[in-house]
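sequence and predicted structure are below.
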Amino acid sequence: MSEDKKLTELESLQLITNMIQKAKGGYHETGIGSLLWGAVVGIASFVTYLRIEYGLELGFDIWLIVLAAIIPQIFISTRAKKQAKVKQYEDDMVNAVWLVYGLTIFGFSFYQLIVPGVTKQIILEEGWTMMKHFSNGAKPDELITPFTPSFYSVYILVYAFPTMVTGMVKKFKPMIFGAIITYILFIVSCFTKSGMDMLLGTFAALFCWFIPGIILRRKYLAQRSANV
Amino acid sequence: MFKELDPILHSQLRLAVMSLLISVKEAEFTFIREKTNSTAGNLSVQVQKLKDVGYIDVAKQFKDNYPQTTCKITAAGIAAFDAYVQALQQYLSVDGVR
């Protein structure tokens, strides 16, 4: 490209359009973050489904792998930030959405961990109990320990939120479709038992992150090989 | 009355640089070089001209022991680019009428 080349008005306009398109299309996520979280949440949900439905026991809480995945995620984010040659206007907003999403998920986990125990304590102090009563009298009444019923549906709903925002802002259709499918899975999960919710959560992780991650990775590798 | 096209922007490489920078928050020199398909020397000169008129900010730092130059459009640059595009539209609409 020459600095002195005289441009006609039409050439100027074409050049502007061309360069704006190049700037927008010149950046792809590596896809590793999406693949990581799609795999981790998908595996944890599926193993929990197998535990609830078929009694599979691993000897440890499978959801600890979600906590463990934060370490490689920090490494991936730091590396991506270092390697990025261009910063888009929407990057800060998308990153903020994912950060708030992460805080929300940990808020949910904290709620599930704390609220049943606190409720049990409050009930105890007030001097009453929750009982499971079989209306046909087949079994004797059982004492119920407070729990959060079918809470994984809410997780599925929240999985769709940052995915939809990212898909819309980055104009990345696989994430938009993934989020729409996840909203449908959320509705279905409202009518299913906890075990099935976990299986639906597995599909949500696949559609929201794992499959878009594969597509992003392919695009990224294709772009990188084109630049060599 | 036609607005005069800004001579700083009405040059192929400088206009390409400004068009890239208007679309992103900031970009590395190497990214601009790749996208504009220009030589480092030529691009350097044009980036300096844009910086001298206050259309872009240029930050130089070291990253992993290598020099890194990052360019960012300024408010004056955005205003100049906007005025340039409006002037272009004026010319093109008259051409379209002819």
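Yes, it's here. Numbering: from 1, shown residues only, chains lettered A, B, ... in the order given.

quick one: the strands in the chain?
Here I'm looking at chain A. Ranges of strands in chain A, per DSSP state E, are A:86-87, A:131-132, A:142-143.

my bad, the chain I had in mind was chain B
B:26-28, B:56-63, B:66-73.

quick check, the first one touching chain A?
Spelled out, that is strand B:26-28. Yes: interface with chain A: strand B:26-28 contributes B:26, B:27, B:28 (Cβ under 8 Å from any Cβ of the partner chain). For the C-beta atoms, the positions are set from N, CA and C on the backbone; glycine is no exception.

which one of those has the most neighbours?
Using other Cβ atoms under 10 Å in any protein chain shown as the neighbour criterion, residue B:27 leads these with 27 neighbours.

scan chain A for its longest helix.
Among the segments of chain A that qualify as a helix by DSSP state H, the longest is helix A:91-126.

and it, which residues are buried?
For helix A:91-126, burial by neighbour count (16 or more other Cβ atoms under 10 Å in any protein chain shown) applies to A:91, A:94, A:97, A:98, A:101, A:105, A:108, A:120.

rewinding a little: dump the strands of chain B to CSV, plus mean pLDDT.
Formatted as CSV, the strands of chain B follow (pLDDT from 0 to 100):
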stretch, mean pLDDT
strand B:26-28, 93
strand B:56-63, 90
strand B:66-73, 91
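
pick the most deeply packed of these.
Each of those was scored by mean neighbour count; the highest is strand B:26-28, a mean of 21, by mean count of other Cβ atoms under 10 Å in any protein chain shown.

so how far is that strand from its chain's centroid?
12 Å (Cα atoms, centre = their mean, to the nearest Å).

could you do stretch B:69-81 as well?
That offset, for stretch B:69-81, works out to 7 Å (Cα atoms, centre = their mean).

hmm, it in reach of chain A?
No: Stretch B:69-81 stays clear of chain A (Cβ under 8 Å from any Cβ), getting no nearer than 8.6 Å.

endpoint to endpoint, that stretch covers what distance?
Start to finish, the residues bounding stretch B:69-81 are 22 Å apart (Cα to Cα, to the nearest Å).

repeat that for stretch B:23-42.
22 Å.

for it, buried residues please.
Applying 16+ other Cβ under 10 Å to stretch B:23-42 flags B:23-24, B:26-29, B:31-33, B:35-36, B:38, B:42 as buried.

could you dump the strands of chain A into JSON lines with distance to residue B:51, mean neighbour count and mean pLDDT added?
Below are the strands of chain A laid out as JSON lines (distance: least, Cβ to Cβ, whole Å; neighbours: other Cβ atoms under 10 Å in any protein chain shown; pLDDT from 0 to 100):
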{"stretch": "strand A:86-87", "distance to residue B:51": "18", "mean neighbour count": "20", "mean pLDDT": "88"}
{"stretch": "strand A:131-132", "distance to residue B:51": "74", "mean neighbour count": "10", "mean pLDDT": "88"}
{"stretch": "strand A:142-143", "distance to residue B:51": "75", "mean neighbour count": "10", "mean pLDDT": "88"}
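
of all those, which lies closest to chain B?
strand A:86-87 (4.3 Å; Cβ to the nearest Cβ).

how close does residue A:34 get to chain B?
Plainly put, residue A:34 is 22 Å away from chain B if you go by Cβ to the nearest Cβ, to the nearest Å.

with adjacent residues omitted, what lies nearest to that residue?
For residue A:34, ignoring the flanking residues on the chain, the nearest one in space by Cβ to Cβ, 6 or more residues apart in numbering or on different chains is residue A:213 at 3.1 Å.

OK, contacts around the one you found?
Neighbouring residues of residue A:213 by Cβ atoms under 8 Å, 6 or more residues apart in numbering or on different chains: A:31, A:32, A:33, A:34, A:35, A:36, A:37, A:38.

among those, which one is most surrounded by other residues?
residue A:34 (25 neighbours).
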